[in-house]
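**Student:** show me how the following folds:
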Amino acid sequence: MVTKTSKPTPSKAAPHAAMSLADAGTAVQEGIATSLTDIQHIEADIMQLVRSTVADTLGASGTVGHQLTDVISALVRSAIDAVEKNGTGMSLSARNIARGVVSGVNDVGGDVIEAAFETARALVRQGAGLGADVATVARHAVAGVIAGAAQSGADVGKAAQRAADGAISGAGEIGTLASHTVRQVLVGMTGDLRAVMGAATPAGAEGAHPTARH
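**Tutor:** Numbering: from 1, shown residues only. The predicted structure follows:
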């Protein structure tokens, strides 16, 4: 006599308990808060790294002139390459790079005002080379210079003006349209038409507003 063996009945996984809307909302809020905290830490790290590297490179003498220009250009290019490769985002990183450069130059007694010009100029040029929106980069670059100048105790107004000069100068090397776009963005950002429209304008041009040089 053959005995039939009963087949085991597959067990069904218990359904997951549905998350309430309140719990879902809390989870999203906590996740975003954690992500934003991580981003803030990354931004702070970028700023501090750029600051210390600039200070170490320039040395205690606070290199000026063409050497300052070369140092800033090289370090900005390296910083941008690094943040792009790591997916940090060019536009947001521009602010922290600019702040770090200005702070680093101040740490060694360098010319913060001229550093503002070179930093914004280099950021716009390098950002354009990577296909970033030059107007957005310019806006973040100027904001970073302002933050760095304020932290350093430098003349924020002069630093902001020179940063605007530098951003427009960098955009002008890209093309007329880029220069015009950056001008318009910075005019709206600063609310000071003369500080921006006078930048990168040949002396004596009709309607030009001379920009102070320091």
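**Student:** pLDDT below threshold where in the chain?
**Tutor:** Applying pLDDT under 70 to the chain flags residues 1-25, 28-39, 60-66, 87-89, 91, 188, 190-214.
**Student:** which residue ranges of it form helices?
**Tutor:** 21-58, 66-85, 90-107, 112-129, 134-152, 156-174, 176-190, 193-197 (DSSP state H).
**Student:** check contacts around residue 43.
**Tutor:** For residue 43, the contact set (Cβ atoms under 8 Å, 6 or more residues apart in numbering) comprises 92-93, 95-96. In this view, the C-beta of every residue, glycine as well, is placed from N, C-alpha and C.
**Student:** swap in residue 69?
**Tutor:** Contacts of residue 69 (Cβ under 8 Å, 6+ apart): residue 118.
**Student:** on that earlier part again, kindly write the PyMOL command that selects the buried subset of the contacts of residue 43.
**Tutor:** Buried subset of the contacts of residue 43, written as a PyMOL selection, criterion 16 or more other Cβ atoms under 10 Å:
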select buried, resi 93+95+96
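**Student:** any idea which of the contacts of residue 43 is the one closest to residue 161?
**Tutor:** Using Cβ to Cβ, residue 95 is the member of these that lies nearest residue 161, at 17.7 Å.
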